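Asks: Give me the fold of what follows.
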Amino acid sequence: MRVTTEIFVSALIRRVFGEGGFAAVLRRGAAEAGAVFIVTRNRAGEATLYGPAPQAAYAPDSAGGRLFAPVGEKLDQQSLDERLAREQRFDSDIWVVELEPGSTALGDLVDITRP
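Replies: Down below sits the predicted model:
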């Protein structure tokens, strides 16, 4: 069974802070089932945006967890805002969480796949 988006995001934020990083909810969506988008930034300020992975990326025997895939890399702020606006027009219930995971790799916090 899949946990609600609100619980998933809360747990993710607690874990990031527990590992010495920083996290902020930039946009709060539907508590039960909103899609989650994760923003990370490199030292140059360029953003990488991760979104829900396509269904084809899930293994047939997956336990129902959330899987993320990069949907934009090396984005400046304007490009990031435009991409998130497009996603929000498609689904108004999205969540946007910005993470600075500190010394923990993002892949240790969430499951990431590459298309």
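Asks: center of this structure, which residue is that?
Replies: residue 38 (2.5 Å; Cα atoms, centre = their mean).
Asks: who's in contact with it?
Replies: 49-51, 68, 97-99, 106, 110 (Cβ atoms under 8 Å, 6 or more residues apart in numbering). For glycine as for every other residue, the C-beta is placed from the backbone atoms N, C-alpha and C.
Asks: so what does the biggest strand by length in the chain touch, helix or strand wise?
Replies: Ranked by residue count and defined by DSSP state E, the top strand of the chain is strand 67-75. For strand 67-75, the elements it packs on are strand 36-41, strand 47-52, helix 77-90, strand 111-112, judged by 3 or more Cβ pairs under 8 Å, 6 or more residues apart in numbering; DSSP states H and E.
Asks: That strand: which residues count as buried?
Replies: Buried residues in strand 67-75, defined by neighbour count with 16 or more other Cβ atoms under 10 Å: 67-68, 70-72, 75.
Asks: Residues touching it, excluding its own?
Replies: With Cβ under 8 Å, 6+ apart, strand 67-75 has contacts from 36-38, 42, 46-54, 57-58, 79-80, 83, 110-115.
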